[in-house]
Each structure stands twice: as structure tokens, then as C-alpha cells.
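# this one's sequence-less:
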């Protein structure tokens, strides 16, 4: 049942542009970083670029692999959380916006299977994007011959990207819950944006390790210096958010009236 | 025809706030019959169909399909049910063939079922066209094809003639009749068009304001309509009604061999 639901979800993505849009969006990250690094490498060039050059200089970016990798992790951690929210909202929300929820819910496949299959597709989609962006980042780093680009540095970037991507993914079921509850795209994307902003606010308080949407910001350093390890309480909070989101999404899909 | 009940509802009730959509509905649809659920817009037809299919939870009463209580948490019984609920929908990015193949995989039907149902519903000319590019009539045919692809023992169809032209309505009527007569398929069909159900159904339930106000077989319905016509209608009203049928016959004759 689960395998059928999973392959069905993959089939539903055929010829859709959403995966390409999300991939293209995240792939602009390394390109912008590369542009900034190319500009700030040469003070003369920075002056020629005017406002853009000033912004590049003020961004704190240094033309090194460690700086590049740090900022890319930040982009994937924060921008990626929003992008992943869009992915989750899309795989669940399109059933309502396209009126196909009534087809899905009258199939001889248990509804929890669809929830798990959709989250699995979102995971594959998200992981693919992150891996492509990682490869792009390495190619950009090589093309710019960034100082410090070594095998260890590249593996470290991969590890950091997978860590923030994985933690971001643990928040996806909450977005799925908002999507099936409100039956559309807008509310879940708004919810994710709101949580991201709230996460950054809470991130500046002592509560950061206990608020799920603050954990990625403290990990990538957008609310202070990046941390290497998370307190076990944060991991527990993330696990509860993930599992609770899945259970609640299943409950809504199982019990709510579908009148669309 | 046997008297074995395929769909049974007992005391089925659904309220939306102070509005009673379906009130204490007792229905029995027998194996191999075509049962038409006739009522005006807003009479409770679609709500009843959604409750039968597990899309809406009743406030009171129960639905039994093939014997046991229809339980959306254990949806194996839906393998034997084909349905079309209200508007025709499909995954717009997938072709007609892909939409049907997706449904075939979900329901475990053999691969051969897809070309067969494409042929049966006259969808061959548009089989490789994306569902999002179809006319409303062909979308309706696709939805009917999806309901039929796994050769269900029970068809639950909500306004299946929607968006079909007169020739299409006759075709679908003949198809449903042949499924009931030739394969013993039970058909539960809702409609607000009296002439359509008078041609098609074995038994008719008339629903108004959520209540079943009359249940009768086709012959009794026709006899009641003739009595009503003789006693209540003026000559001009009868002439107008006859003109409507004459115009439909004329249209069908003129377009009999023409392109669909």
C-alpha cells in the first residue's frame, strides 16, 4: 500500500514545474555568493559595482571556502526552510486546489499511507535539491579557486548541509498539518514564514533551544554564533514536532469532512 | 435482480450548523439495480453520496456498503466501488491515459483495463492529451472512466451527465444500463433531471430538504408523471414539454455520425 502510494505521488509530479522552480530558487544561493566573492576580491571591482559592491563588502563575506560554506549553510537553513514549506504545502495542497482530494480519499488505500508517502516524496525532493546545490557549490568553489577548498572542507559542507536540511525537514509535517487543515497553499506558506520570523525573534532569547523554529537559526548562526551540537532537549522537541505533525495530519485527513 | 442490499443507510443525518443537509435517511440499494437519487440543487444528494463514500462523517446514523459499516479507516471495501463526486476532476498535468493508469495502480486493476475503458468511454482521440487541456465534457468522460477502470461492483455517481451533450448523455445512459444488466453492477446515481432518471433507473428516491419524501420504481414514476400531466398541465405546457424532446431527438439525429 505504502509503495503504491509513494510511486503514485511521484507520478503526480510528472510535468509539474514546482520541482524545477524550487531547485532554481535554491541554486541562486551559490551563484549570488559567488558573485559577491568575485566582487569583494578586488576593491577596484567593488567600487565599480556601486551599491552592489557596497552591499557585498558589508555582508561580511570573505572570499574563502569556509566563508562560502558558512553562508551557504545559512541560506539552505533559512531560505531552505521556507522552500521546504512550499514543497510540503504543494504535495498536500494541490489535492485541494486541483479538486483531487475526493479522488485520493475514496481510494482503497489507507489515508495514513498517503500522508507518509507525500512526506517521503517531499523528503526525496528536498534531498535532491540540497545535493544538487551542494554539487553546484563545489563547482563554484573550484571555479573561483577559493582558498581553503579541500576534501575535508567539502565533506564538512556536505555534512552541515545535510544536518540543517534534515532538521528543517523535521518541521515539514507541521506545514502539512496546516495545509490539510486549511486546504490550500497560502496558509501553510504564511505559517512557515511566520514561524521563521518568530524563530529568529525567539532565537535571541533564552528559549531558542526549546522552540522548534529557532533551532535551525541557532545551528546556522543567524541568531548568534553557529553551534556545533544541539542540546538533547532540542532534539527531543524536534522529534515531538515531527511525530506530532504526522499524527495530527493523519487525524485531520481521517476525520475532517471533505466537502471540496 | 436479487434483493441483496449493497448500500444501506439507517437514520443517516448530517447538519451544518443549523442547516440540516440530510435528515434521518433510510435507503437500501439492491444488488444489480440502478437506483436514482432525485432532488433539486441543495436537496442533500451530494452530502449523502459523500457520506456513503466516507468523505463526510455523519452526525448520526450509519452507512453499510457490501454488508459491514463503511469505514474510511479501513478502506479495502473501496476497491469494489467506483465513484464520481460532483465536478469532474483529474490531475491536470497527467494525460488521460496516465490519470487512468494511476487509478488502475491504486485499485490493483490489470493493465489491460486502461485501453479498454478508454475505448469504452470514447476517449481514444484524447488519450494522450493532458487532462488540464480537455473540454468539460471530456473531463466528465475521464472521471467516469476512472470510476469504471477497476470494474467495480458498485458505482456511486453524482450527476454523471454534467457537462455532457445530449448524445453523450444517451451514451452514458446505455453504458450504465449495460453494466447493470450485463455485469450485475449496482449503480447509485444522483440527478436533478427527471427525464434522465426516468430513462435509466429501476428505482427512484426523491429527496427534498434532506428527507426522502418518496421512493418508487420507474413504471410508477412514469405513471405518476402521466397522471400529473393529464390533471395539472395545460395543453400549451404539454406541447412545450413535447417540443423539448422533439428538439433533442432532432439534434441527436443531425449529429449522429458527426465528429464528437
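Everything's here; your move. Just so it is clear, the structure is predicted and the values come from calculations on it, not from any experiment.
# is it true that residue B:74 touches residue A:109?
No. Residue B:74 is beyond contact range of residue A:109, at 11.2 Å (criterion: Cβ atoms under 8 Å). Where you see a C-beta, it was placed from the backbone N, CA and C, and this is true even at glycine.
# how about stretch B:148-166: buried residues?
Across stretch B:148-166, burial judged by 16 or more other Cβ atoms under 10 Å in any protein chain shown covers B:148-164.
# please read the previous query as pertaining to stretch A:22-32.
Buried positions in stretch A:22-32, judged by neighbour count with 16+ other Cβ under 10 Å: A:22-23, A:26, A:29-30.
# tell me the mean pLDDT over it?
Averaging pLDDT along stretch A:22-32 gives 95.
# ok, which pair from the buried residues of stretch A:22-32 is furthest apart?
Greatest spatial distance in those: A:22 and A:30, 15.0 Å, computed using Cβ to Cβ.
# could you measure from residue A:145 over to residue B:178?
74 Å (Cβ to Cβ, to the nearest Å).
# residues contacting the residue of the stretch 101-250 of chain A found nearest chain B?
Using Cβ to the nearest Cβ, the point where the stretch 101-250 of chain A gets nearest to chain B is residue A:108, with a distance of 3.9 Å. Each residue near residue A:108 by Cβ atoms under 8 Å, 6 or more residues apart in numbering or on different chains is listed here: B:75-79, B:106-108.
# so where's chain B uncertain?
For chain B, the stretches with pLDDT under 70 are B:1-3, B:257-260.
# re the thing from before, please say which of residue B:74 and residue A:109 ends up with more neighbours.
A direct count of neighbours by other Cβ atoms under 10 Å in any protein chain shown for residue B:74 and residue A:109 places residue A:109 higher, at 21 against 12.
# looks to me like the more buried one is in a helix.
No. Counting by DSSP: H, G, I helix; E, B strand; the rest coil, residue A:109 is not found in a helix; it is coil.
# flag every residue of chain B that's near chain A.
Proximity of chain B to chain A (Cβ under 8 Å from any Cβ of the partner chain) is limited to residues B:50, B:53-57, B:72-79, B:81, B:83, B:85-87, B:89-94, B:98, B:102-103, B:105-108, B:130, B:146.
# repeat that with 7 Å
Proximity of chain B to chain A, by Cβ under 7 Å from any Cβ of the partner chain, involves residues B:53, B:55-57, B:72-73, B:75-76, B:78-79, B:83, B:85, B:87, B:89, B:91-94, B:98, B:102, B:105-107.
# hey, where'd the helices end up in the chain?
You didn't pick a chain, so chain A it is. For chain A, helices defined by DSSP state H occupy the ranges A:2-12, A:18-40, A:43-48, A:50-58, A:65-97, A:101-104, A:111-143, A:151-169, A:172-182, A:186-202, A:212-220, A:232-255.
# correction: the question concerned chain B.
Remark: helices assigned in chain B by DSSP H are B:45-53, B:96-107, B:113-120, B:136-148, B:166-183, B:194-200, B:218-232, B:235-254.
# who does the first one touch, helix- and strand-wise?
So the one you mean is helix B:45-53. strand B:5-16, strand B:19-30, strand B:60-65, strand B:154-158, strand B:186-191 (3 or more Cβ pairs under 7 Å, 6 or more residues apart in numbering or on different chains; DSSP states H and E).
# could you identify which of those is most buried?
Highest mean neighbour count among those (mean count of other Cβ atoms under 10 Å in any protein chain shown): strand B:186-191, with a mean of 26.
# which neighbours in the sheet does it have, and how are they oriented?
strand B:34-38 (parallel), strand B:154-158 (parallel) (DSSP bridges).
# list of residues touching the last one?
This points to strand B:154-158. B:6-7, B:45-46, B:49, B:52-53, B:65, B:80-86, B:147, B:185-190 (Cβ atoms under 7 Å, 6 or more residues apart in numbering or on different chains).
# need the contact list for residue 160.
All of this is about chain A. residue A:73.
# switch to chain B, that's the one I care about
Residue B:160 touches B:84, B:144, B:172, B:189, counting by Cβ under 7 Å, 6+ apart.
# next one: residue A:243 from residue A:173, what distance?
Distance, residue A:243 to residue A:173, by Cβ to Cβ: 8 Å.
# higher neighbour count, the two?
For residue A:243 and residue A:173, the more surrounded residue by other Cβ under 10 Å is residue A:173, and the numbers stand at 25 against 12.
# need the contact list for residue A:109.
With contacts defined as Cβ under 7 Å, 6+ apart, residue A:109 is in contact with A:1, A:4-5, B:75, B:106.
# PyMOL command to pick out the buried ones of those residues?
In PyMOL, this line selects whichever of these come out buried by 16+ other Cβ under 10 Å:
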select buried, (chain A and resi 1+4+5) or (chain B and resi 75+106)
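# the contacts of residue A:109: which two are farthest apart?
A:4 and B:75 (12.8 Å).
# tally of neighbours for residue B:42?
14.
# do residue B:175 as well
Count around residue B:175 with other Cβ under 10 Å applied: 16.
# that older thread, can you tell me which of the helices of chain B is packed in deepest?
Ranked by mean neighbour count, those are led by helix B:45-53 with a mean of 25 (mean count of other Cβ under 10 Å).
# what's the angle between it and strand B:60-65?
70 degrees (axes from the mean of the first three to the mean of the last three Cα atoms, to 10 degrees).
# ok, and what's touching helix B:45-53?
A:106, B:7, B:12, B:14, B:21-22, B:25, B:37, B:39, B:56, B:58, B:63, B:65, B:70, B:83, B:85-86, B:156, B:158, B:190, B:207.
# please name the nearest non-neighbouring residue to whatever residue of the stretch 151-260 of chain B ends up closest to chain A.
Closest to chain A within the stretch 151-260 of chain B is residue B:156: 8.7 Å, counting by Cβ to the nearest Cβ. Nearest residue to residue B:156, sequence neighbours excluded (Cβ to Cβ, 6 or more residues apart in numbering or on different chains): residue B:83, at 4.5 Å.
# now that neighbour: how far from residue B:227?
35 Å.
# just residue A:119 next, same as before
Distance, residue A:119 to residue B:227, by Cβ to Cβ: 60 Å.
# do residue A:16 as well
Where residue B:227 is concerned, residue A:16 sits at a distance of 57 Å (Cβ to Cβ).
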